[in-house]
Each structure stands twice: as structure tokens, then as C-alpha cells.
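A.B. asks: I would like the atomic coordinates for the input below:
(one chain, ligands or ions: 2)
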Amino acid sequence: MTKELIFGHKNPDTDAIIAAIAYSYMMNESGKDTEAVALGEPNEETKFVFNHFNYDYPRIISSADTKQVMLVDHNEPKQSVDNISDVEITNVIDHHRIANFETANPLFYHAEPLGSTSTIIWKLMNQARIEIPATLAGLMMSAIISDTLLLKSPTTTNEDEAALKSLSKTAGLDYESYGLEMLKAGTNLASKSAKELIEMDAKTFDMNNKSIRIDQINTVDLDETLQRKAEFEEAIKAEMSAENENLFILLITNILTSDTKAIVLGDDESVSVFEKTFDQKLVDNIALLPGVVSRKKQVVPQLNANF
Ligand code: MN
Ligand code: MN
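C.D. replies: Numbering: from 1, shown residues only. Ligands and ions are numbered 1, 2, ... in the order given. Reported below is the predicted structural model:
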């Protein structure tokens with residue numbers, strides 16, 4: 001029998017991968033036969049996590065070869081496997097907006113506006129009285145640290161904090177020192193091309209029939225990263241024409257100061273929606289977004305409202 005596949009979104013981040021692993025563990029403990037898979041290579045931060053815990057990264061797929069699948073950390077078809085419309089979605093565990101999502105059959109859909117999908121799964125495992133092994137606890141705490149930027153993102157809830165503290169106890173690992181080391185590992189940008197960097201954490205959103213691409217890069221030095229602006233712009237333009245995007249926003253976020261500068265390119269109409277949304281004129285394609293760290297809470301809903 002083929003195992004039912006569980007996966008997070010394309011261009012996976014640490015939460016997308018680990019939520020799939022944790023949910024697969026929970027499902028299998030409950031008698032199901034599932035396999036966690038990934039829709040892409042690990043980023044630098046995720047690599048650090050899997051090295052740290054000496055854990056194997058899941059098998060990578062681009063389309064699903066089973067009839068049924070479970071989605072974690074996403075629901076929008078554009079962010080899922082290429083053949084998502086041909087398979088049956090039986091379960092969704094997510095903490096994003098719900099958009100362009102419909103199914104033919106009833107399903108188990110669990111969404112909560114928490115800081116990470118792994119926090120939701122931690123709650124579900126507690127409810128089901130499933131014990132979390134130390135290594136899985138270490139992985140899950142990494143996912144929470146990643147999505148909440150060590151509890152500093154405005155998406156962070158009390159439940160994320162409780163989950164992180166409890167998992168850190170189970171893993172026997174100090175989350176503050178480990179978390180800073182982990183986040184810094186994800187800001188190792190020098191060895192990557194601009195094209196690789198913009199594709200690392202890329203998401204495309206449909207807003208009123210416009211295709212809006214919003215990518216995010218974490219750094220510990222905004223100005224140093226922006227020294228590569230010309231290179232980024234070239235990569236963005238190539239990607240926009242290849243994928244027919246109307247607007248491309250590259251969020252460059254300083255994880256230590258919780259500030260973002262964005263490189264924004266697009267058609268005139270979409271750029272003016274961006275400028276209206278964030279109440280500023282772009283200067284040399286750059287927008288200043290102080291205090292902005294969360295794409296899902298501080299960028300996507302505001303833009304969507306104006307589109
Ligand atoms: Mn994610
Ligand atoms: Mn997430």
C-alpha cells in the first residue's frame with residue numbers, strides 16, 4: 001500500500017518541513033500510514049536544523065503520486081504540488097489565510113491563527129495524548145522559532161510561547177541560545193546567487209486576478225544585503241517575465257532589529273497599490289517598512305484589501 005503523503009508548501013521553510021514530519025508522526029501513531037515529503041530543497045536555516053539533530057531531510061517531490069494527500073502550513077493551490085487539482089485533500093493543518101481553496105469531498109480542516117503550524121500540531125498531539133520524542137521536540141521547537149523569529153514576530157501567541165517552552169524542556173535544549181544560532185544560520189547569504197536567494201522563501205498570491213509575488217530574505221545587516229540591489233533587481237525582472245507576475249516584492253528583514261526594507265517592482269497600477277497600502281512613494285524601487293517582519297500578517301492582508 002502506498003503511504004498517504006503529507007507536505008508543506010513549495011520553497012519550504014523550516015515550519016513547512018517540520019510540520020509535515022510532526023503531523024506524519026502523529027497520524028502514524030494514530031494508526032494511519034503516512035509519509036512526510038518536501039516540495040523543495042532545504043534553505044540554510046533548515047539545513048542547520050537537520051544537521052543539528054542529525055535527522056534525515058524528507059524525500060523531495062513536485063507532484064503527488066498518491067490519490068490522497070494532507071496539507072500542512074499552506075492551502076493555496078499555487079503553493080502546493082503541481083497536480084493538486086487531481087488529488088483528494090483529506091486533511092489540512094494551517095495558520096494562513098484560506099484562498100482559492102475548495103474540495104469535492106468533506107475533509108478534516110484545522111486552522112488557527114497561531115505563530116506556526118507546528119504549534120497547532122503540538123496542541124493536537126497533547127489533546128491526543130501522543131508523547132513527543134526528544135528529537136521531534138527539538139525539530140518542532142526549531143519550526144516555532146523560525147516562524148515567530150524567536151517569539152518576536154507579531155504573529156506570536158501565548159500558545160506558541162507555551163509550546164516552545166514545553167518542547168525545549170522535552171528536547172533538553174535552551175531555546176534562546178539555540179534559536180539565535182539557528183536564525184543566524186539562515187542569514188548566511190554570501191554564498192548564494194540573487195536568483196537562489198529570491199527563490200528561497202518565495203510565495204505567489206492571487207489578488208483580484210493579479211499575480212503578486214512576495215519573497216522574504218532574513219539578514220542581520222540590511223545595508224550589507226542591499227549592496228546587492230542591482231543583482232536582485234535583475235533576478236526579479238527575469239523571474240517576473242518568466243512567471244508573468246504583476247508585482248514583485250522582495251522583503252529583506254533584519255531579524256535582530258525587526259525591520260524590513262523591500263525592493264518592489266511591477267506594473268504601474270500594482271506599484272501604486274503598494275505605495276497606497278504602505279503610505280509611501282518608492283525611492284529607487286525601495287520601500288521602508290519599519291517594524292514589519294511578518295508577510296502573512298503585515299503585508300498580505302493589507303495589500304489584498306487594496307487590490
Ligand atoms: Mn511556511
Ligand atoms: Mn508556518
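
A.B. asks: ok, now which ones touch the closest residue to Phe205 other than its chain neighbours?
C.D. replies: Spatial nearest neighbour of Phe205, excluding adjacent residues (C-beta to C-beta, 6 or more residues apart in numbering): Ile212 at 4.7 Å. (Glycine included, C-beta is placed from N, CA and C.) Contact analysis of Ile212 by C-beta atoms under 8 Å, 6 or more residues apart in numbering lists 204-206, 245-247, 249, 270, 303, 307.

A.B. asks: and ligand 1, is the strand or helix carrying Leu197 touching that?
C.D. replies: Assigned by DSSP states H and E, Leu197 belongs to helix 194-200. No: Helix 194-200 lies out of reach of ligand 1 by C-beta under 5 Å from the ion, never closer than 11.9 Å.

A.B. asks: what about the residue of the stretch 201-307 of the chain at minimum distance from ligand 2, distance to Gly8?
C.D. replies: Closest residue of the stretch 201-307 of the chain to ligand 2, C-beta to the ion: Lys296 (8.1 Å). Note on Lys296: its distance to Gly8, by C-beta to C-beta, to the nearest Å, is 14 Å.

A.B. asks: who's more crowded, the two?
C.D. replies: Gly8 (32 against 16; other C-beta atoms under 10 Å).

A.B. asks: what sits against the more buried one?
C.D. replies: 15-17, 19-20, 38-39, 71-74, 117.

A.B. asks: go on, Leu247?
C.D. replies: 210-213, 264-267, 270-271, 273-274.

A.B. asks: now swap in Thr135 and tell me
C.D. replies: 53, 55, 171.

A.B. asks: how about it, secondary structure?
C.D. replies: Of the three states, Thr135 takes helix under DSSP: H, G, I helix; E, B strand; the rest coil.

A.B. asks: do a quick rundown of the strands in the stretch 1-150 of the chain.
C.D. replies: 4-7, 34-37, 68-72, 88-94, 108-111 (DSSP state E, counting those that start in this stretch).

A.B. asks: quick check: residues of the stretch 1-150 of the chain near ligand 1?
C.D. replies: Looking at ligand 1, the residues of the stretch 1-150 of the chain close enough under C-beta under 5 Å from the ion are 13, 15-16, 73.

A.B. asks: looking at these, which is nearest ligand 2?
C.D. replies: Of these, the one sitting nearest to ligand 2 (C-beta to the ion) turns out to be Asp15, at 3.5 Å.

A.B. asks: wait, the closest one sits on Ser116?
C.D. replies: Yes: in this structure Asp15 lies within contact range of Ser116 using C-beta atoms under 8 Å: 4.8 Å.

A.B. asks: quick one, which of those two is more surrounded?
C.D. replies: Ranked by neighbour count (other C-beta under 10 Å), Asp15 and Ser116 place Ser116 first, with 33 against 29.

A.B. asks: residues touching the closest residue to the more buried one other than its chain neighbours, list them.
C.D. replies: Nearest in space to Ser116, with sequence neighbours left out and distances taken as C-beta to C-beta, 6+ apart, is Asp147 at 3.7 Å. With contact taken as C-beta under 8 Å, 6+ apart, Asp147 is in contact with 13-15, 115-118, 153, 155.
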